[in-house]
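# model the following, please.
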Amino acid sequence: MTLTTLQLSEPYGQIAYREAGQGEPVVLIHGVGMQSAAWGPQVDALSATHHVIAVDMPGHGGSDPLPEASELPDFVAWTSAVLIALNLGPVNLAGHSMGALIAGGMAIEHPDQVKRVAVVNGVYRRSADARQAVEARADEICNGPVDLQTPLNRWFGPQEMAARDQVANWLRQVDQGGYATAYSAFARGDDTYADGWPKVACPMLALTGDGDPNSTPEMSQAMADAAQDGEAVIIEDHRHMVNLTAPDVVTDILQTWLARPATKGSPE
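Numbers count the residues shown, from 1 in each chain. So this is what the prediction gives:
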């Protein structure tokens, strides 16, 4: 797995990404506070049959941040620019958490660039209480210092310490400004493209853990039901970081998604 940087045209600056394998392209976008290495198990497995690119989101890893007031559509526009710069053509696009919001926005706003879309632990139309809680977390991150233990306790069970320690290390490394900008967009982004799912004709996967209180099974099912060719898969006894706590299960589900035939209206 090779870590590469690329200079985009203004206003995006440098991006960083990990790349492996050959074949049909699969692009992976991580969640807030993480980096492309968070997709490590899936990059290793999927690169046996596909050209896999895991990108560092703006303000994370080696990618330059977006402006402080950026919202979810700005992250979607950034992703579109990255795909154009990499000259990949239509891709299979999967995102986790904030990355899931971006992937969904891409499928809705730029369907010509997306052959299949997968939203992993995605959020959709939060309740008023959930929105208040995530906006309070965004304010905390913007003002610092950041409490890491609360989200880690929510994301991981007592038997998942190895994955928890790995994620904690990434959270400690993240640029505070880039983290705050991305989290603020994440906090306000659950409704941004919610009405657009009925326009999505490509094979769509919504995947989450049954113990994720914020990216709930009900949210995944609602997104899948709204899309034209959607499927929801719920992994039992797992929470928010399913691609790390159940890596083989998630990879198998993604491989099944990648094998689904492109539907009418999907780019070839």
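
# how about stretch 152-172: buried residues?
Counting neighbours by 16 or more other Cβ atoms under 10 Å, one finds that the buried residues in stretch 152-172 are 152, 155, 156, 160, 163, 164, 166, 167, 168, 170, 171. All C-beta spots, glycine's among them, are computed from the backbone N, C-alpha and C.

# quick check, nearest of those to residue 2?
Within the buried residues of stretch 152-172, distances to residue 2 taken as Cβ to Cβ reach their minimum at residue 170, with 19.3 Å.

# surely the closest one touches residue 35?
Yes - with the criterion set as Cβ atoms under 8 Å, residue 170 and residue 35 qualify as a contacting pair; they are 5.6 Å apart.

# just to revisit the earlier point, just put the buried residues of stretch 152-172 in TSV and tack on secondary structure.
Conversion of those to TSV gives the following (DSSP: H, G, I helix; E, B strand; the rest coil):
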residue	secondary structure
152	helix
155	helix
156	coil
160	coil
163	helix
164	helix
166	helix
167	helix
168	helix
170	helix
171	helix
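
# quick check, nearest of those residues to residue 121?
Taking Cβ to Cβ as the measure, residue 121 lies nearest residue 155 of the buried residues of stretch 152-172, at 9.3 Å.

# give me the nearest residue to the closest one, chain neighbours excluded.
Distances taken as Cβ to Cβ, 6 or more residues apart in numbering put residue 240 closest to residue 155, at 4.2 Å, once the chain neighbours are dropped.

# just the pLDDT at the one you found, thanks.
If you check residue 240, the pLDDT there is 97.

# what secondary structure does it sit in?
What three-state DSSP gives for residue 240 is coil.

# again, but for residue 5
Residue 5 - assigned by three-state DSSP - is strand.

# residues near it, how many?
The number of residues packed near residue 5 is 13, by other Cβ atoms under 10 Å.

# what residues are up against it?
Shown here is residue 5, whose contacts under the criterion Cβ atoms under 8 Å, 6 or more residues apart in numbering are 14, 15, 16, 17, 62.

# buried ones among those residues?
Of all the contacts of residue 5 considered here, the ones buried according to neighbour count by 16+ other Cβ under 10 Å are 15, 16, 17, 62.

# now the two most distant members of those residues.
Looking at the buried ones among the contacts of residue 5 by Cβ to Cβ, the two members farthest from one another are 17 and 62, with 8.5 Å of separation.

# any residues in contact with both of those two?
Listed as contacting both residue 17 and residue 62 by Cβ under 8 Å, 6+ apart are 3, 5, 56.

# what would those residues look like in a markdown table with pLDDT and distance to residue 220?
Putting the shared contacts of residue 17 and residue 62 into a markdown table (pLDDT from 0 to 100; distance: Cβ to Cβ, whole Å) gives the following:
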| residue | pLDDT | distance to residue 220 |
| --- | --- | --- |
| 3 | 86 | 31 |
| 5 | 95 | 34 |
| 56 | 98 | 25 |
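
# I'd like the residues you listed as JSON lines, with distance to residue 221 appended.
Compiled in JSON lines, these are given as follows (distance: Cβ to Cβ, whole Å):
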{"residue": "3", "distance to residue 221": "36"}
{"residue": "5", "distance to residue 221": "39"}
{"residue": "56", "distance to residue 221": "30"}
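
# and those, which is closest to residue 26?
Within the shared contacts of residue 17 and residue 62, proximity to residue 26 (Cβ to Cβ) peaks at residue 56, which comes in at 16.2 Å.

# that closest one touches residue 63, doesn't it?
Yes - counting by Cβ under 8 Å, residue 56 does reach residue 63; the two are 4.1 Å apart.

# what is in contact with these two at once?
When contacts are counted by Cβ under 8 Å, 6+ apart, the set common to residue 56 and residue 63 consists of 15, 16.
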